[in-house]
Structure formats: structure tokens, C-alpha cells
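Q: Just need the structure, nothing else, for what follows:
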Amino acid sequence: MRKLYNYITIDQKKEVLKELQNSLSQLNDELEKNAHLFSPIVREILLDTKDRWRFEIEWLEEDIKKHIRTEKLE
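A: Next up, the predicted model:
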């Protein structure tokens, strides 16, 4: 997915970041409320998804910060 980020603007990256954060929040809520209802394999997939989204969020935040620092230097 990060290859896609090379082709979008910083504003689009910020929007993607917001959407990912919202989705992560919803996933966290769902896991907190209903984790016991999921089979072990589904729970594992959801937890893996949660980890991947966290990584993407961290990567996007760093990329946005890097862009801001670069703008200040120019």
C-alpha cells in the first residue's frame, strides 16, 4: 500500500490518515465489545489487520511530518 502513497498529495495522505485512524478506532471498539464472538482465526485476522493499520498510520504520520519539515526548510 505504501507504493500508492508515492502518487498522492500530502492532503490526500492526511485524509487517508484520518480514515485509517477512524477505521482503527472502530476495529478496536468491535474487538473490545465482541472479541469473544469471533472464532480464533477471525480474531487473529482482525488483530493482524489492526497491527497493519497501526503500522500504516505510523508511516503516514512520519511521512507527513517529513514533508512539513521539508517545507519549512524551503
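Q: so what secondary structure elements neighbour the lengthiest helix in the chain?
A: When the chain is parsed with DSSP state H, its longest helix is helix 40-73. Contacts defined by 3 or more Cβ pairs under 8 Å, 6 or more residues apart in numbering; DSSP states H and E place helix 40-73 against helix 2-5, helix 10-34. (C-beta placed from N, C-alpha, C; glycine too.)
Q: Least reliable of these by average pLDDT, please.
A: Here the lowest mean pLDDT among the helices and strands packed on helix 40-73 goes to helix 2-5, at a mean of 79.
Q: Enumerate the positions of it that are buried.
A: Buried residues in helix 2-5, counted by 16 or more other Cβ atoms under 10 Å: none are found.
Q: Same check on stretch 54-74?
A: E56, I57, L60, D63.
Q: Could you verify my assumption that H67 touches I10?
A: Yes. At 5.1 Å, H67 counts as touching I10 under the criterion of Cβ atoms under 8 Å.
Q: In JSON lines, list the helices and strands packed on helix 40-73 along with distance to R52.
A: Shown next, in JSON lines, are these (distance: least, Cβ to Cβ, whole Å):
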{"stretch": "helix 2-5", "distance to R52": "11"}
{"stretch": "helix 10-34", "distance to R52": "10"}
